[in-house]
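> Here's a sequence, model it:
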Amino acid sequence: MAQPRDPGLDETFSIEHSIHTASDQYAGPKNVSDDSSEETLEEKVERLGRERPQIFKNQWHEVGFVFSVAMSQFMTEYFVSGFVVILPTLIRDLDIPQALSVWPATAFSLVVASTLLIFGRLGDMCGGYSVFMGGLAWLVLWSIVAGFSINPLMLDLCRALQGFGAAAFLPTGVQLLGSLYRPGPRKNLVFAIYGTSAIIGFFGGIVIAGIVGQFLRWGFYFWFGAILTAMTFVSSLCFVPRPKSLFEQKAAVSMDYLGAFTITAGLVLTVFAITQSAHAASGWKTPYIIACFVLGIVFLLAAAYVEARVASYPLLPAFIFTTSCMTPLLLALFLLYGTWGIHSVYGTLYFQNIMSASAIQVAGWYTPLGVAGLIISIFEGFILHLVPGRVLLIISGLGAVGAQLLLALIPAGANYWAWVFPAMIMGTIGIDLSAILMIVFVTSAFSSAEQGLAGGVINSVLQLGVAFTLGVGDIIQSRTVDGEGLGKSYKNVFWLGVGAGATSLVIMAIWGKVPKASSDLTADEKEELRQEAEAAGCREQAS
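Below is the predicted model:
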């Protein structure tokens with residue numbers, strides 16, 4: 001009879017082999033004097049978590065790659081934040097009815113939120129590179145066309161078509177980063193930079209929109225965005241690895257067409273009904289509002305059934321919701337990012353319409369947000385592997401609640417430094433810490449073949465949080481403006497943000513069991529270990 005083998009030896013051999021393989025593939029240039037054969041498993045994992053992936057020829061190649069992917073996040077926020085600043089000009093120049101004024105701002109985010117999962121799956125099917133580059137090219141095209149809009153319908157259509165571009169490159173950008181970088185300090189820093197680009201993009205959009213609104217025709221806002229996106233496209237051609245590169249292996253999955261249809265239809269109809277109800281003639285009593293809302297709920301219920309029982313490769317596989325703490329934390333992030341939508345949109349409207357700030361002045365007021373976001377995000381990248389996730393999530397929640405409270409309580413004639421400035425600092429704390437941490441957590445929990453799905457899930461939660469909360473906020477603002485005045489109606493929306501932020505804080509405090517983002521095995525290596533352990537157990541029983 002064969003001598004029984006110790007399952008632990010099989011496990012160690014399996015992971016040692018995968019770690020050695022990863023070391024050969026991912027590690028940057030090594031010092032020839034290093035004797036890696038004497039490294040323990042833990043030391044190998046720690047070293048790989050800090051080293052530059054070998055696919056990059058040098059440090060500048062890696063910098064160019066990270067810049068290219070981060071700029072895709074920048075451009076998404078650019079076309080969200082700056083648009084709010086130039087919207088009053090668009091309403092005047094294009095003669096947009098008040099009842100339809102919400103849609104030029106909403107169309108972009110709604111399309112992004114409702115199609116992210118589809119493009120994330122396309123990235124897993126076709127490789128992230130092609131979908132990422134296609135999304136950038138598409139955004140360039142429709143940004144140019146949007147600048148020539150001659151009526152509200154053309155503007156709404158262009159904004160919606162712009163959203164498809166962002167929906168394509170957001171999840172695949174996360175896929176490109178998540179597939180290449182192993183869990184560890186280097187991945188933390190890279191994703192911190194990626195998260196920072198959202199804050200810088202938000203600030204950049206406001207600054208450019210402010211300059212355009214003050215000195216140029218509004219179309220230049222879109223054309224400057226097209227130029228920046230084209231620069232990102234060229235940079236990506238130079239620095240993003242081509243298809244069939246080390247980390248871009250096509251997954252053996254197919255599109256979940258039925259799930260894609262039901263999820264998209266459900267989200268679009270539900271968010272449309274919530275948002276449009278604030279401007280419909282009879283509110284929620286309007287027949288088409290009721291019909292759209294009911295149909296949206298029906299489609300979402302159908303999507304739940306399809307994903308759970310019908311689809312072979314569901315867009316929302318069950319393991320997403322069975323992974324420890326994932327469901328409550330995604331809900332918390334949904335609410336937390338919703339507070340950011342309120343801060344960015346209604347904060348800007350309050351500054352302009354109530355505090356009489358000019359477009360240029362609003363841009364100046366948001367400067368601390370951009371600077372603090374840069375500092376906080378980079379700092380977080382250096383401490384993610386040292387500080388428990390729950391601590392960072394609680395600090396994030398406190399920041400979001402504090403920002404909303406300051407805006408809700410701001411008195412007439414308030415001093416900028418006493419009220420707006422701290423709200424900006426707290427606002428960026430509320431978003432940066434949680435979003436970056438969750439992106440690292442989610443991408444580390446998914447296998448290399450599911451990184452597009454990971455990007456789609458996390459970005460869907462963020463964008464839907466903004467779309468849903470702004471829809472509810474619009475209902476509150478429009479229902480109270482006549483009786484309480486414009487300023488008070490804005491503050492009512494800020495109180496909605498306080499509630500959403502507080503709820504998110506409670507959820508994160510209870511369920512925020514996110515471990516330190518230390519160097520670790522990848523999800524693929526952990527699965528290999530599990531399979532090898534099962535095989536070893538079977539061999540032991542057979543012997």
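> Okay, now the unreliable bits of the stretch 101-250 of the chain?
Residue ranges of the stretch 101-250 of the chain with pLDDT under 70: 101, 243-250.
> can you do 90?
Confidence mapping of the stretch 101-250 of the chain against pLDDT under 90 gives the ranges 101-118, 120-130, 150-153, 156, 171, 173-207, 209-218, 240-250.
> how about the helices in it?
Applying DSSP state H, counting those that start in this stretch to the stretch 101-250 of the chain gives helices spanning 102-126, 128-146, 152-180, 185-215, 219-239.
> how about these, which one is nearest residue 287?
Between residue 287 and the helices of the stretch 101-250 of the chain, the tightest spacing by Cβ to Cβ is seen for helix 102-126, at 19.5 Å. Any C-beta I mention is one placed from the backbone N, CA and C, and that applies to glycine too.
> Show me what that closest one is packed against.
On a contact count with 3 or more Cβ pairs under 8 Å, 6 or more residues apart in numbering; DSSP states H and E, helix 102-126 meets helix 59-93, helix 128-146, helix 152-180, helix 257-276, helix 451-484.
> If we use 6 Å, what do you get?
Helix 102-126 sits against helix 152-180, helix 257-276, helix 451-484, with contacts defined as 3 or more Cβ pairs under 6 Å, 6 or more residues apart in numbering; DSSP states H and E.
> Could you check stretch 159-172 and say which residues are buried?
By neighbour count, with 16 or more other Cβ atoms under 10 Å as the criterion, the buried positions of stretch 159-172 are 159-172.
> From the residues you listed, pick the one nearest residue 152.
With Cβ to Cβ as the yardstick, the closest approach to residue 152 among these comes from residue 159, at 10.4 Å.
> quick revisit: could I get the buried residues of stretch 159-172 as JSON lines with distance to residue 220?
Output for these, formatted as JSON lines (distance: Cβ to Cβ, whole Å):
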{"residue": "159", "distance to residue 220": "16"}
{"residue": "160", "distance to residue 220": "21"}
{"residue": "161", "distance to residue 220": "19"}
{"residue": "162", "distance to residue 220": "16"}
{"residue": "163", "distance to residue 220": "21"}
{"residue": "164", "distance to residue 220": "23"}
{"residue": "165", "distance to residue 220": "19"}
{"residue": "166", "distance to residue 220": "20"}
{"residue": "167", "distance to residue 220": "25"}
{"residue": "168", "distance to residue 220": "25"}
{"residue": "169", "distance to residue 220": "23"}
{"residue": "170", "distance to residue 220": "25"}
{"residue": "171", "distance to residue 220": "30"}
{"residue": "172", "distance to residue 220": "29"}
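> Could you tell me how far the most centrally placed residue in the chain is located from residue 489?
Within the chain, the residue whose C-alpha comes closest to the C-alpha centroid is residue 459; the distance, by Cα atoms, centre = their mean, is 3.5 Å. With distances taken as Cβ to Cβ, to the nearest Å, residue 459 is found 30 Å from residue 489.
> Just give the closest residue to residue 350, not the sequence neighbours.
For residue 350, ignoring the flanking residues on the chain, the nearest one in space by Cβ to Cβ, 6 or more residues apart in numbering is residue 490 at 4.7 Å.
> So the one you found is in contact with residue 346, correct?
Yes - the pair residue 490 / residue 346 is scored as a contact, 5.4 Å apart, by Cβ atoms under 6 Å.
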